[in-house]
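A.B. asks: attaching a predicted model along with its sequence, questions to come.
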Amino acid sequence: MAQFEILVTRGPAEGQIVPLDASVAVTIGRSGGNLLPLRDEKVSSHHARVEASHGGIVITDLGSKNGTFVGGQALAGSLALPLNAEVVLGGSAFIVRPAGATGDVKLPSVGKSDDGGLRVTAQSISPSSLRRSAGEPARDLVLQPAMHPSQRNLTKAQRNLAVLAEVGDLLASERDADRFLTRLMDLIFEVLPADRGCLIMLEDDDRPVPRVTRISERAGSEEIHVSRTILSKVLGGASILTADAGSDSRLSQGASIIAQNVRSAMCVPIRGRRKSIGTIYVDTVLTIGVFGKDDLEMLSTVGVLTGTALENIQLFRENLQHERMAAIGNVVAGLGHDIRNMLTALRGGMYLIDEFLKDSNDENLGTAWGVVRHGHESIVNLVQDMVSYSKPRDPDWRMSDINQCVSNAVAFARERATQKNAHVTELTDPTIPPFWFDGAAIERAVLNLMTNAIDAVAADTGQVSVLTRPDDEKGTVLITVQDNGEGIAPDHREKVFDLLFSTKGSRGTGFGLAITKKLVQEHSGRVWFHSEVGKGTTFFLELPLRVQRPAAVLV
């Protein structure tokens, strides 16, 4: 005698009862070949399947056109079904109840989650209850997403359109990158049944860094391990959906996938105008087949919109910065011109004093005059920085030796390092050929980086290293300046290259790194850094290895 039975509670077959036991699965649909045929035009020919075992009852949607709904929630894949829970298919509905009884039977393997939805553990259903017909794709239990209240009555396509519309609103209204990414992750978790999610952005040195991470309580882990294989493919422009991470060959060597119970995952690129600038990654635990093609297409579109939004935010920030720098540049240009005239007159007087001191044996006077000369040189350098920054210029292109340029900068910096008893290491690559660049400008840029590095290290234990190396694949030369100083605080890193910003207090002018960036950009190069608080900072200066003189730029 069957332990359970299916009772049709609404529709053309209302009142019909079909026994349900572990010996056979009951298929439901409009076709007469089903054990429970429903003459309902909104029901698919083979709509759903219900099967029972000693572990519980499982309902599976068989790819129906209009969907299967359990407790008002759309079903994707398979789900543990509580007794007397209403199942709706088109215009029909049914429940599963104990055979010959009307009361509820509580199954210990199925419980309620905190938000009122069903919670199913790996032990809820026995293996025998998951029999599959030949050719049917592998599926496991699927937990339903917690939907935003405004989207509960929408179809999947309508929900996806609503998501894209909200991303568009974010794109138009948000001007802060961190707030944009945080709100975007909130939106993704509202519409996708994800347990973990991560927005990964590429830094200037193409190093992937997580910017926003979200982990649900059900995930049971405080870390997210993203497969390097998948990450590299996605950064190359591919969108990837894995319905069963445990059997995915791309993840077969990833022990972290098994340790974290990752079962279904999606990863899509965040695409800029020219290349991928990051990725969106989401996954689920203990469940297979949660994400579908529609979800991947929606998330891929979100990735494109996100790339556009982030680039627009960056352009907006740069425009504000340019306007600010233009205003400062006008003031600086006037001040620099006036101060330089004063220094010219002062230099003439200093020459006369130098001649007078040649015949003097007063050591105190000589020491004091040395301090004055050092202050004069500092003012000269500051004014030169002010004038250099205040106007655009075309580099003085010459075929030059980058190693000699770096060595000159190191020689100037050694005196400053000696005062702190800091050790300076120079390692240049002799295979780098001469190429076209402005030697004086790049020497000044490297000297600025070295001066900052020496100022950042501790006395007696400070170490600063400078090296050069070619990158034949990119056709560039890389200059690296590394120190073991205190590092740059996270809240200062976005301002490092801003004019008049300095972490040195009264010892800094705020011109050094701004000038360095400007000089490098005039060579169509780039400068960036990597810093760890308490461990030190490394600056990278990259220049194109030009074998021909660039055309003159009219300014």
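C.D. replies: All right, it came through fine.

A.B. asks: contacting residues around the closest residue to G536 other than its chain neighbours?
C.D. replies: Ranked by Cβ to Cβ, 6 or more residues apart in numbering and with sequence neighbours excluded, the top spatial neighbour of G536 is N484, at 4.3 Å. C-beta here means a position set from N, CA and C on the backbone, and glycine is covered the same way. N484 is in contact with 457, 461-463, 535-536, counting by Cβ atoms under 8 Å, 6 or more residues apart in numbering.

A.B. asks: in JSON lines, list the residues you listed along with distance to V547, pLDDT and neighbour count.
C.D. replies: JSON lines is the format used below for those (distance: Cβ to Cβ, whole Å; pLDDT from 0 to 100; neighbours: other Cβ atoms under 10 Å):
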{"residue": "V457", "distance to V547": "37", "pLDDT": "90", "neighbour count": "21"}
{"residue": "T461", "distance to V547": "42", "pLDDT": "88", "neighbour count": "11"}
{"residue": "G462", "distance to V547": "38", "pLDDT": "89", "neighbour count": "21"}
{"residue": "Q463", "distance to V547": "35", "pLDDT": "91", "neighbour count": "17"}
{"residue": "K535", "distance to V547": "38", "pLDDT": "88", "neighbour count": "12"}
{"residue": "G536", "distance to V547": "35", "pLDDT": "91", "neighbour count": "21"}
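
A.B. asks: which of those residues fall in strands?
C.D. replies: Of the positions in the contacts of N484, 463, 536 sit in strands, assigned by DSSP state E.

A.B. asks: ok, the contacts of N484 vs L478, which is closest?
C.D. replies: Taking Cβ to Cβ as the measure, L478 lies nearest G536 of the contacts of N484, at 18.0 Å.

A.B. asks: list the residues that contact that closest one.
C.D. replies: G536 sits next to 456-457, 482-487 when contact means Cβ under 8 Å, 6+ apart.

A.B. asks: then S23?
C.D. replies: Counted by Cβ under 8 Å, 6+ apart, S23 has zero contacts.

A.B. asks: state the distance from it to G32.
C.D. replies: According to Cβ to Cβ, to the nearest Å, S23 and G32 sit 21 Å apart.

A.B. asks: same question for E426.
C.D. replies: Counting by Cβ to Cβ, the gap from E426 to G32 is 86 Å.

A.B. asks: who has more neighbours, these two?
C.D. replies: Set E426 next to G32 and count neighbours by other Cβ atoms under 10 Å: E426 wins out with 17 against 8.

A.B. asks: and the helices in this protein?
C.D. replies: Using DSSP state H, the helices of the chain run over 156-173, 177-191, 228-235, 255-259, 293-357, 363-390, 402-419, 439-456, 512-522.

A.B. asks: hey, which of these is tucked in deepest?
C.D. replies: Neighbour counts averaged per stretch over those are highest for helix 439-456, at a mean of 23; criterion: mean count of other Cβ atoms under 10 Å.

A.B. asks: work out the gap between that helix and the centre of the chain.
C.D. replies: Between the centre of helix 439-456 and the centre of its chain there are 31 Å (Cα atoms, centre = their mean, to the nearest Å).

A.B. asks: mind saving the C-alpha coords of that helix as CSV?
C.D. replies: Once non-C-alpha atoms are left out, helix 439-456 reads as follows in CSV (Å, rounded to 0.1, in the frame of the first residue of the first chain):
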residue,chain,number,x,y,z
GLY,A,439,66.9,62.0,-20.0
ALA,A,440,66.7,65.0,-17.7
ALA,A,441,63.0,64.6,-17.2
ILE,A,442,63.1,60.9,-16.4
GLU,A,443,66.2,61.4,-14.2
ARG,A,444,64.1,63.9,-12.2
ALA,A,445,61.2,61.5,-12.0
VAL,A,446,63.4,58.6,-10.7
LEU,A,447,65.1,61.0,-8.2
ASN,A,448,61.7,62.0,-6.9
LEU,A,449,60.8,58.4,-6.3
MET,A,450,64.1,57.7,-4.6
THR,A,451,63.9,60.7,-2.4
ASN,A,452,60.4,59.6,-1.2
ALA,A,453,61.7,56.1,-0.6
ILE,A,454,64.7,57.3,1.5
ASP,A,455,62.4,59.6,3.5
ALA,A,456,60.0,56.7,4.2
